[in-house]
Structures are given as structure tokens and as C-alpha cells.
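A.B. asks: Quick one, structure for this:
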Amino acid sequence: MTVKIGISPIAWQNDDLPDITAAYTMEQALHESVQIGYTGVERGQRMPSDTLGLRRYLDTAGIVLCGGWCSGNLLVNDVATEIKSITEQVDQFIALDAPCIVYAECSNTVQGEIKTPVANRPTLSKVEIKDYAIQLTEVAKWSTDHGMPVAYHHHMGSIIETEEDVNWLMEFSGPELRLCFDTGHLLFGGGDVMATMNRWADRIHHVHFKDIRPDVVADVKANNRSFLDAVIAGAFTVPGDGCIDFQAVADKLKAMDYQGWIVVEAEQDPAKAPPYEYSEMGYKHILDVCAKAGLDIS
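C.D. replies: Numbering: from 1, shown residues only. The predicted model follows:
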């Protein structure tokens, strides 16, 4: 049983807050990620958009594509329209041998609105999530049949944020829809990391190792701040620098025979958390917990 360790370039190149990472380049992000030891990177917006160009770009850096964000709009699109809208990304990720697309509903999310409190996120009833899940299963089935798994990313500020939201989405969707399990987003949203992981272990296809600073999260909630305010304030950090027990997470990955990617995704203000230093810290922590869990790293 082996796992692979990747990283999102968001610590060096923040797509939602480009001003705070203006001093960094994507080339630096990839170079330093490889230096640290990461073998995969999730796609960033400042990478080449065409498949050939992206392949050459990653090959030059000596790193592979280990997934990437897919902005879903299924609440406003019918299934056929949504499939059409993601086809180009699906085809590209198949060509580049990515493990999945990391899909999240973005048609009404507040995660990118700095003036909107994260508590004002859109919510759906259980019945509405059921309807959404049934349609999303059709999209996931189409993508999976074409060779590209769809892993849903529960995310702060979106319709699928809480543990209950995740439970409903997984309960009402078919097995074709997999889960991108994000430790930090789940705990930020008030969820139980291990209970959710235990419940949906058979659906987890992709894992984000993201830690949180509970004092910052508490302040964000108490003062009705936005998701982007939370990022700037340092709500998120790399594994081993916050409060999440990643040894328990790694032990569960071993128990469930997980053989996919562990991806560090920890957007922070680089003025407070230098990307190389923190990304190396996260990498070393993953090596440690994987070793103790008996997870071999490819």
C-alpha cells in the first residue's frame, strides 16, 4: 500500500487573493515544492491552460498533476449543460493522468466575497441536497465512464460545508460521486473529522491535509468575518501546525487501504507564513505520521 504526497500551489499563488502572493511566481511554487519532496501539484490558475502547454510546464518542473479545482454550476445548469461545461477539463485531466477533478458548487458560494460573512453562505434543505445529489451523480457517472473520477470538495462558504451537508450529499448520491475529504474545511465548519472519515471511508478518493488555528476560527465566527478574512488572518495552516490529529487520520487511511494522494492545501498570508518554510513543515509532518501508520510513500 502506497500513498503519494502532493501540494496545492495556493501558498505561493493565491487565486482569490492575488495581492498577498504578488511577490511569488508559479515557477517558484513548483521549484520549491519539488525541492521539499512533493511529487504532485494541483492545478493553479496561473499555469498554462492548454493541455500540451501544461504537460510541458509540469514536465519541466519535474512534477505531475495530482488533481485540481473544478468550479461547478449545477444549481443553475441542467445536467447536459454542466457536462458540456466541464468536458474540456475532464479531457485535459485524463490526458495528464490526474487522479480526479476536485469539484465544488460555485454558482452561489460566498467563499470569494471578502465583504460577505462566511456565516451568510447559501444553504439547502435535505430535500434540496437530495435533488442536487441525484443530478450530480449523473455528471459524476459521465465523467467516471470517460475515465476521470469526480471527488466532491466540501468547502466553507458553499452549499456543502457542514458534516450534515456532507452526510446528506454522500447518502443521496451514487457511488460514482467520490469525496475529496478536507480535514480543515470540515473542522472549520464544525464537523467531526474522524466520525465523517469513518462514515464515508469507502467514498474517499482524494485527501486534503489542511490544519486550522482554532483561535482564529473562533474569532472569525464571533465577529462574523468572511472566508477570505479568515485566510488572511491565518485560520488555515499546514498539517502539524494547528490542532488536527493527523496521526489519527493517517492511521485511518492505512486501515482503509487508501492508495491515493495526500495533498497539502494551506492558503495563508506569506508575509506571516513563508511558503517554503511552512510547506516543508507540512511535508515533514506527513512523512512522520505516515511512517508511524505504516503507510509507504511512493
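A.B. asks: I7 contacts E280, doesn't it?
C.D. replies: No. The pair I7 and E280 fails to qualify as a contact (Cβ atoms under 8 Å) at a distance of 10.5 Å. Backbone N, C-alpha and C define where each C-beta goes, glycine included.
A.B. asks: Please say which of these two ends up with more neighbours.
C.D. replies: I7 (33 against 18; other Cβ atoms under 10 Å).
A.B. asks: got the contact list for that one?
C.D. replies: By Cβ atoms under 8 Å, 6 or more residues apart in numbering, the contact set of I7 is S33, Y38, G40, V41, E42, V263, V264, E265, S279, G282, Y283.
A.B. asks: Minimum pLDDT in those, which residue is that?
C.D. replies: Lowest pLDDT of the contacts of I7: E265, 95.
A.B. asks: how about the nearest residue to that one, chain neighbours excluded?
C.D. replies: Spatial nearest neighbour of E265, chain neighbours left out: S8 (4.1 Å); criterion: Cβ to Cβ, 6 or more residues apart in numbering.
A.B. asks: contacting residues for the one you found?
C.D. replies: V41, E42, G44, H208, V263, V264, E265, A266, E267.
A.B. asks: Relative to T144, how far out is it?
C.D. replies: Distance, S8 to T144, by Cβ to Cβ, to the nearest Å: 23 Å.
A.B. asks: Show me which parts of the helix or strand harbouring V220 are buried, residue by residue.
C.D. replies: For V220, the host element (DSSP states H and E) is helix 214-222. The neighbour-count check on helix 214-222 (16 or more other Cβ atoms under 10 Å) flags V216, V217, V220, K221 as buried.
A.B. asks: got it, and stretch 19-37?
C.D. replies: Within stretch 19-37, the residues that count as buried by 16+ other Cβ under 10 Å are I20, T21, Y24, M26, A29, L30, H31, E32, S33, I36.
A.B. asks: Identify those among those residues that sit within helices.
C.D. replies: If you go by DSSP state H, the buried residues of stretch 19-37 have M26, A29, L30, H31, E32, S33, I36 in helices.
A.B. asks: mind putting the residues you listed in JSON lines, distance to I114 included?
C.D. replies: Below are these laid out as JSON lines (distance: Cβ to Cβ, whole Å):
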{"residue": "M26", "distance to I114": "23"}
{"residue": "A29", "distance to I114": "23"}
{"residue": "L30", "distance to I114": "28"}
{"residue": "H31", "distance to I114": "30"}
{"residue": "E32", "distance to I114": "27"}
{"residue": "S33", "distance to I114": "27"}
{"residue": "I36", "distance to I114": "30"}
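A.B. asks: which one of those is nearest T60?
C.D. replies: L30 (8.6 Å; Cβ to Cβ).
A.B. asks: Just give the nearest non-adjacent residue to the closest one, would you?
C.D. replies: Excluding the flanking residues, the one nearest L30 by Cβ to Cβ, 6+ apart is A61, at 3.9 Å.
A.B. asks: Please, where are all the strands along the stretch 101-250 of the chain?
C.D. replies: For the stretch 101-250 of the chain, applying DSSP state E, counting those that start in this stretch gives strands covering 101-105, 150-153, 177-182, 204-209, 211-212, 236-237.
A.B. asks: Mind putting those strands into CSV with mean pLDDT, distance to D91 and mean neighbour count?
C.D. replies: Below are the strands of the stretch 101-250 of the chain laid out as CSV (pLDDT from 0 to 100; distance: least, Cβ to Cβ, whole Å; neighbours: other Cβ atoms under 10 Å):
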stretch, mean pLDDT, distance to D91, mean neighbour count
strand 101-105, 98, 11, 25
strand 150-153, 98, 14, 26
strand 177-182, 98, 19, 25
strand 204-209, 98, 19, 24
strand 211-212, 98, 34, 23
strand 236-237, 98, 31, 26
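A.B. asks: can you put those strands in a markdown table and add distance to A250?
C.D. replies: Below are these laid out as a markdown table (distance: least, Cβ to Cβ, whole Å):
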| stretch | distance to A250 |
| --- | --- |
| strand 101-105 | 21 |
| strand 150-153 | 19 |
| strand 177-182 | 13 |
| strand 204-209 | 9 |
| strand 211-212 | 13 |
| strand 236-237 | 18 |
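A.B. asks: Ok, which of those comes nearest I159?
C.D. replies: I159 lies closest to strand 101-105 among these, at 5.4 Å (Cβ to Cβ).
A.B. asks: Could you list the low-confidence segments of this protein?
C.D. replies: Applying pLDDT under 70 to the chain flags residues 1.
A.B. asks: Distance check, the residue nearest to E265 against E88.
C.D. replies: Relative to E88, and taking Cβ to Cβ, S8 is found at 21 Å.
A.B. asks: repeat for A222
C.D. replies: Taking Cβ to Cβ, one finds A222 at 42 Å from E88.
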